[in-house]
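Student: Sequence first, predicted coordinates after that:
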Amino acid sequence: MEKTHEITLVEAINLALAHALEHNPDVVVLGEDVGANGGVFRATVHLREVFGSRRVIDTPLAENLIAGMSVGMAMQGLRPVAEIQFMGFIFSALEQIIDHASRMRHRTRGRLTCPLVLRAPYGGGIHAPEHHSESMEALFCHIPGLRVVTPSSPTRAYGLLLSAIDCPDPVIFLEPNRLYRSVKHRLFDDGKRIPLDRCLTSRVGSDITLISWGSMMQETMLAAEQLAQQGIEAEVIDVATLKPLDTETLLASIKKTHRCVIIHEAARSGGWGAEISARLMEQGFDYLSAPIQRVTGADTIMPYYQKENIYLPSVEDILAAVRKILP
Amino acid sequence: MEKTHEITLVEAINLALAHALEHNPDVVVLGEDVGANGGVFRATVHLREVFGSRRVIDTPLAENLIAGMSVGMAMQGLRPVAEIQFMGFIFSALEQIIDHASRMRHRTRGRLTCPLVLRAPYGGGIHAPEHHSESMEALFCHIPGLRVVTPSSPTRAYGLLLSAIDCPDPVIFLEPNRLYRSVKHRLFDDGKRIPLDRCLTSRVGSDITLISWGSMMQETMLAAEQLAQQGIEAEVIDVATLKPLDTETLLASIKKTHRCVIIHEAARSGGWGAEISARLMEQGFDYLSAPIQRVTGADTIMPYYQKENIYLPSVEDILAAVRKILP
Amino acid sequence: MTITPAVHIPLISYLTADGQLADSSPKCAQDFDQLKHYYKNIQLSRLFDKKMIALQRTGNIGTYPSCLGQEAIGCVIGSLLQAEDVFVPYYRDTATQLLRGVQMEEIIAYWGGDERGNHFQNNPQDLPWCVPIATQLTHAAGIATAFKIRKQDHIALVTCGDGATSRGDFYEALNVAGVWNLPLVVVINNNQWAISTPRRMQSATTTLAQKALAAGISGIRVDGNDIIALHEVLTTAIDQARAHKGATLIEAVTYRLGDHTTADDASRYREKAEVEKAWQEEPLRRLNHYLRKFQAWDDEQEKNWQQACEEKIQTAVNNYLAMPPQAAEDFFDYLYAELPAELIAQKQAFCLKAADQLTKN
Amino acid sequence: MTITPAVHIPLISYLTADGQLADSSPKCAQDFDQLKHYYKNIQLSRLFDKKMIALQRTGNIGTYPSCLGQEAIGCVIGSLLQAEDVFVPYYRDTATQLLRGVQMEEIIAYWGGDERGNHFQNNPQDLPWCVPIATQLTHAAGIATAFKIRKQDHIALVTCGDGATSRGDFYEALNVAGVWNLPLVVVINNNQWAISTPRRMQSATTTLAQKALAAGISGIRVDGNDIIALHEVLTTAIDQARAHKGATLIEAVTYRLGDHTTADDASRYREKAEVEKAWQEEPLRRLNHYLRKFQAWDDEQEKNWQQACEEKIQTAVNNYLAMPPQAAEDFFDYLYAELPAELIAQKQAFCLKAADQLTKN
Ligand SMILES: Cc1ncc(C[n+]2csc(CCOP(=O)(O)OP(=O)(O)O)c2C)c(N)n1
Ligand SMILES: Cc1ncc(C[n+]2csc(CCOP(=O)(O)OP(=O)(O)O)c2C)c(N)n1
Ligand SMILES: [Mg+2]
Ligand SMILES: [Mg+2]
């Protein structure tokens, strides 16, 4: 139970990885440049020095290989925690994720399982080149057998990642790279888990429910503060575990507020907001005073960075959606 | 304008491919076993004999290669129509589809384009082994820059495939394999296109809107007939082009019926039904008398074939959903 | 400037198609107990394979990929691996699996569309069938990595077809096996066809074994119908892997005597003459000739063994047919370690539906 | 039983690090006009590269991957390809692209986060930069296939890094190039590092060129800092491809003298001494020595040329800085050939937002 200074989200990831490596001999960290370089975002910095190259492994440059080997290692009882350098480079791993990671338990009726974590930074807003700004979480959320988790703060990153590593099933752990260094929390390396499969209520309110996750939680909280100045109390829910979805918490909130805006960075159509919206409408229809709104990225390719600020949802976009459905 | 007998859906695909090969010298058919074998479902039968092995090409066994080469060929002005043997084997091609096929026009601002068609049989119900029964259309529908098309009858297969091949942008063309041989239409090989981007109204009605696509159109039409016997007139819409979605037609229908059930075989959460539901609720909230219902596959792995009939939505499931929201 | 580097990988072969032994042949050629063991297991898997096709034809199971003609490879792999090793099959591995301890009932159940076929009660560390071509290669590399991390002396052995060598993951797995010096053996069942695509249309290489050179690992080409050559080559490769001396790629040259699967009709795309020629080279016949020449096998033994096989097979079929059906909710219960809250209602709905369907039938 | 097949691929090299010519060297070693052309273009791209880093440091563009040290490879490729050929780059190809006709303004714009950088007004058939490693290889194979289908005598030439050779698509593309005999040349820029991962951690093979053996195509290993060897090797490979005599994999051995990109700090993971040694072997210096020895280059020429380069570069930078911004709606308008109905409303909303942001700034 070591005291730490204020740390960033990426440092919290590093702390959680170190904690898991120290407390569970089955944990293995692998990926491109995770060793000497400590990861391109430094999420794995110093881990190899401390835990050795047998447990902190630089792989050849092949994401499909990283995923497939993680499946193999997990079936052998290891707990691979693999880094995919950016979400934009995870697509060649989808076959392994869909065909094997998510299915092995079902296929073998529990004989072989895949307790693995695939970590990937995601999202725009860091002025990066093409393919470094993807928000494709919805692809994973549609795959039965997976868990999809994304933290929105250093504290949540630490607690959720530890839970993801504990999880007996595969977890896609998406790290909002826009938040990697922009927020700091004081946090204790006490191994305290934040449970998966639960939404986290970041702000209590009774006038409207704002639902978001990952980096858009920043804009969402800012919007809630501005609304508060106007006397409107928004409840803000950080979904945190996107799949499976904690419908109960979300539903309870809209039963109270009767209004809801979902905010995500990903393209609108078929984004995870669609599922949340459809589900809340199905189960909470009689409580809704207005249609659920979605504030999202456009159904376009994320433009190169000069235009990414137009693409990314803004506080103003959220406020506009709220205004649209407030009485 | 040759007269034909009653033909099946897979024969209609074959006819459309032959038509396209004959009328457009840029069209090239490629894939695993599409040559001498004429495809494992016989969709490409006789094409090599007629059009030669320069235009009907057996590829090495590699779906990522097929997709990547198609991107290259399309950028050179060819019109590759590639077969992926089953949708369950398309996942290794996703990287090429997401990173390049869907983006090349945007990336180069129209300098280079990807007019390609990736055909894949999909869906369950044919007692096939593992990985031969997937319905993962939602993955593609979330990718900006793609078109996703699925026919529900021989006539529609013929007309939509010809349009897909004409299309200056990439099309994922999903063929419901359960319907490959189960329905026959009399159809003329007249090259008549059915426009993309338009929903097809298969039955007019004013009491409730049933929205479906692909093989579930069978159960949906049967359900509509049973409802008609009870005096309930359902409007049945075959979405046909899933992306981009013809919101207008769908919205017009629910403005008339005030009630809606969406039926698809894919897993519920994050299925394309979620987008349709969310969008109709957003844009048609005031017209809805009851929550939109979804009748879908479970959020599970499609079980091996002994249990696939439990997994697949049935006429009875549709009727139950309708009953739930009828006044 | 010479720009095509030369490479020559010979075919290792000792027992000719008509059962003659080459002059210099390994010790195991005289180990008639071992050879009889192989003979009997080829015969057993061939008879079982035949029964599987019959079960498909009568609607008792679904599509089945016969391993007719390739059984020698599987019998040697299945016999030489140790219990703690992990066998990573593709989908045409009936022969190997029987020797690894997979029960006939399990094999029938798997191809009969029942997940319980993957229970592998006798060999729970082995991987189940793998349908998406070549995706199992990286699993084997991961398993071998786990052995290496834990400093265990086990190995992983993975099989695939000739078609699989066109897929990227095939190379990715070989490459990592080389650079990490993994305890891994990769065996290509080069049966000359990938459905309708002949071997020559997959790759311009003279051999598939030479693909090992792209990974810096050992590469051997062996007559996959020659049990003696297979025994020698696989022993060497497995020993090498176990001694942490490097991974090996083995190309076992054989022939797919049957259709690709029961859903295929190979007469659409290949010549009868080619198949007839291949029948002259299949593994059982040549081993039979050889054993008989040395009085290690006779008609009486053949008759008794076949009868024993048939009985064993029929018992398994009966057991399979008597299996109670899987519970409908199983596909919910084995999805996650614990059923997530959001799936509880879905599970109930599907259970009701299953009960409903049951009453209706 | 020998199970590791032997293969030896020599390094082709004529001009030593200190500018000495090997005894038997090709004709082009005497073609001083050609050599000067190379020298000048290496110099130009090096100066431009330096400016790009400066532009990044001053916030005018985003992340940029320097090609410092690898320019010889690009200059030879860019000079030997014909206009109708298609060049398929990776992302570290500034030198090649300048010679293909990509405008400096376009290069700056691309790395400055502006899609207009991909216009390639002078070489519209070339592919744009490719960021996802190795995914461009199969495009090149597809383009070469199109040439073959149409019986055109063009070729496709694709580049990648040493790290890219670990990805499956690298092998898939080589393999199809072999089996379809495609007019394709694949050039690996083996600069010894893939970000922080050294070459030896990618593959156990002695050479990367030998990976050609897995595809049955030609494989050559060449000193990528030796313009004379590069000229010879690339001429041979390109001619061979154009004559429909087969694809070639070329491993050009060089060194990444700079950081991986401007976002990287290579001192975290590699020794200063290694970099210092590599500076002794870089291509410009040795060519400079050689040219000067034969009085083909002198201080005056150097000064004039550098000045000409600087002017050209500054003009391009000025042009770039003067470019009006892209219209906000462009990312809608270039998504499909025609904007689908469902996107019209979205486009309007985003245009309003863009206008709003504009007024606020
Ligand atoms: C990724 C993938 N693509 C396509 C298929 C369909 N398919 C099943 S078997 C087969 C041919 C495999 O040939 P080969 O690897 O030679 O093995 P064999 O069946 O001949 O033993 C194909 C294309 C598949 N199962 N997986
Ligand atoms: C598929 C993919 N994975 C990861 C990355 C991130 N990445 C960018 S460059 C690079 C290293 C590439 O090394 P190499 O192929 O040797 O080329 P070099 O940059 O050294 O020229 C990596 C891992 C990427 N761009 N694409
Ligand atoms: Mg085969
Ligand atoms: Mg490199």
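Tutor: Yep, it's here. Ligands and ions are numbered 1, 2, ... in the order given.

Student: buried sites along the strand or helix carrying C:Tyr39?
Tutor: Following DSSP states H and E, one finds C:Tyr39 within helix C:32-57. Neighbour-count burial for helix C:32-57, with 16 or more other C-beta atoms under 10 Å in any protein chain shown as criterion, is recorded at C:32, C:34-36, C:38-49, C:51-53, C:55-56. Just so you know, the C-beta spots here come from the backbone N, C-alpha and C atoms, and that holds for glycine as well.

Student: Also stretch A:179-196?
Tutor: For stretch A:179-196, using 16+ other C-beta under 10 Å, the buried residues are A:Leu179, A:Tyr180, A:Val183, A:His185, A:Leu187, A:Asp189, A:Arg193, A:Ile194, A:Leu196.

Student: Under the pLDDT cut-off, which ranges of chain A? List them.
Tutor: Scanning chain A with the threshold set as pLDDT under 70 gives A:1-4.

Student: Can you show me the helices along it?
Tutor: With DSSP state H, the ranges of helices along chain A come out as A:9-23, A:47-51, A:63-75, A:94-96, A:104-108, A:137-141, A:154-166, A:216-229, A:247-257, A:272-284, A:308-311, A:315-325.

Student: and the second one, what does it pack onto?
Tutor: In this structure, helix A:47-51 packs against helix A:9-23, with contacts taken as 3 or more C-beta pairs under 8 Å, 6 or more residues apart in numbering or on different chains; DSSP states H and E.

Student: quick one: contacts of the helix it packs on?
Tutor: By C-beta atoms under 8 Å, 6 or more residues apart in numbering or on different chains, the surrounding residues in contact with helix A:9-23 are A:4, A:7, A:27, A:29, A:41-47, A:50-51, A:55-56, A:79, A:81, A:119, A:151, A:153-155, A:157-159, A:161-162, A:165, A:175-176, A:179-183, A:185, A:187, A:189, A:191.

Student: which residue sits closest to whichever residue of the stretch 101-250 of chain A sits closest to ligand 4, ignoring its sequence neighbours?
Tutor: Ligand 4 sits closest to A:Pro129 of the stretch 101-250 of chain A, with a gap of 16.8 Å, by C-beta to the ion. With C-beta to C-beta, 6 or more residues apart in numbering or on different chains as the criterion, A:Pro129 has its nearest non-adjacent residue at 5.5 Å, and that residue is D:Thr63.

Student: C:His289 too?
Tutor: C:Gly19 (2.7 Å).

Student: For that neighbour, the count of nearby residues, please.
Tutor: Neighbourhood size, C:Gly19 [other C-beta atoms under 10 Å in any protein chain shown]: 15.

Student: and what of the one 5 residues further on?
Tutor: Using other C-beta under 10 Å, the number of residues around C:Ser24 comes to 6.

Student: Whether stretch A:139-159 contacts chain C - can you check?
Tutor: Yes. Against chain C, stretch A:139-159 shows contacts by C-beta under 8 Å from any C-beta of the partner chain at A:Pro144, A:Gly145.

Student: How about that stretch and chain D, touching?
Tutor: No. Using C-beta under 8 Å from any C-beta, stretch A:139-159 stays clear of chain D, coming no nearer than 15.7 Å.

Student: Need the CA coordinates for that stretch. CSV is fine.
Tutor: Provided in CSV are the C-alpha atoms of stretch A:139-159 (Å, rounded to 0.1, in the frame of the first residue of the first chain):
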residue,chain,number,x,y,z
LEU,A,139,-17.2,-3.5,-33.3
PHE,A,140,-16.2,-5.3,-30.1
CYS,A,141,-19.4,-4.6,-28.3
HIS,A,142,-21.3,-6.6,-30.9
ILE,A,143,-19.2,-9.7,-30.3
PRO,A,144,-20.8,-12.2,-27.8
GLY,A,145,-18.4,-13.5,-25.3
LEU,A,146,-16.3,-10.3,-25.0
ARG,A,147,-16.1,-7.7,-22.3
VAL,A,148,-15.3,-4.1,-23.4
VAL,A,149,-14.1,-1.7,-20.8
THR,A,150,-12.9,1.9,-21.0
PRO,A,151,-11.8,4.1,-18.2
SER,A,152,-12.3,7.8,-18.0
SER,A,153,-9.9,8.8,-15.3
PRO,A,154,-6.6,7.7,-13.7
THR,A,155,-8.4,6.2,-10.7
ARG,A,156,-10.8,4.3,-12.9
ALA,A,157,-8.1,3.2,-15.2
TYR,A,158,-6.2,1.6,-12.3
GLY,A,159,-9.2,-0.1,-10.7
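
Student: residues in contact with C:Asp49?
Tutor: Residues in contact with C:Asp49 (C-beta under 8 Å, 6+ apart) are C:Ser66, C:Cys67, C:Leu68, C:Glu71, C:Thr94.

Student: I figured the second one hits C:Ile42, correct?
Tutor: Read it as C:Cys67. No. Between C:Cys67 and C:Ile42 there is no contact under C-beta atoms under 8 Å: 10.2 Å.

Student: any shared contact partners between those two?
Tutor: Counting by C-beta under 8 Å, 6+ apart, the residues touching both C:Cys67 and C:Ile42 are C:Ala95.

Student: Name the SS class of C:Cys351, please.
Tutor: State at C:Cys351, reduced to three classes by DSSP: H, G, I helix; E, B strand; the rest coil: helix.

Student: so, in contact with ligand 1 or not, stretch C:201-216?
Tutor: No. With C-beta under 6 Å from any ligand atom as the criterion, ligand 1 is not reached by stretch C:201-216; the gap is at least 7.6 Å.

Student: Please see if that stretch touches chain B.
Tutor: Yes. Stretch C:201-216 comes into contact with chain B (C-beta under 8 Å from any C-beta), by way of C:Met201, C:Gln202, C:Ser203.

Student: Let me see the contact set for the last one.
Tutor: The reference is to C:Ser203. C:Ser203 is in contact with B:Pro60, C:Thr165, C:Ser166, C:Lys211, D:Asn175, D:Gly178, D:Val179, D:Ala215, D:Gly216, counting by C-beta under 8 Å, 6+ apart.

Student: mind checking how far stretch A:95-105 is from the chain centre?
Tutor: Distance, stretch centre to chain centre, for stretch A:95-105: 20 Å (C-alpha atoms, centre = their mean, to the nearest Å).

Student: Great, nothing more from me.
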